[in-house]
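K.L.:
Okay, sequence plus prediction incoming.
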Amino acid sequence: MPTITPEHLHTLLASSDRDAALVVVGGRAAVVPTDPGRGEGPEEAMVITTREAVIAELDTGANEEQIEALAQRLDTALESLGG
């Protein structure tokens, strides 16, 4: 079962907070309103990506296939880190 799913990316993209981030805390992925790397949010959170980075990666015309592929790449990268 993947930790990062397309639903996480949809939630991240739908966030009204432009500083939102997808993080992993305690082995579970979550979208938080502010990137913990900026000094806010859970200290133990591992930042996977930010809303800004996903928008840049996918461009504005992203389809579901591109979102699924990005989720899979992020999940694979997380697994390689032992997450």
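P.N.:
Here it is on my side, so go on.

K.L.:
Grab the nearest non-local neighbour of Val25.
P.N.:
Nearest non-adjacent residue to Val25, counting by C-beta to C-beta, 6 or more residues apart in numbering: Ala45, 4.8 Å away. Yep, even glycine has a C-beta here, placed from its N, CA and C like the rest.

K.L.:
Look up how far Glu65 lies from that neighbour.
P.N.:
Plainly put, Ala45 is 29 Å away from Glu65 if you go by C-beta to C-beta, to the nearest Å.

K.L.:
More neighbours: which of those two?
P.N.:
Between Ala45 and Glu65, counting by other C-beta atoms under 10 Å, Ala45 is the more crowded of the two (18 against 9).

K.L.:
just checking, that one touches Gly26?
P.N.:
No: look at Ala45 against Gly26 with C-beta atoms under 8 Å: they stay out of range, at 9.3 Å.
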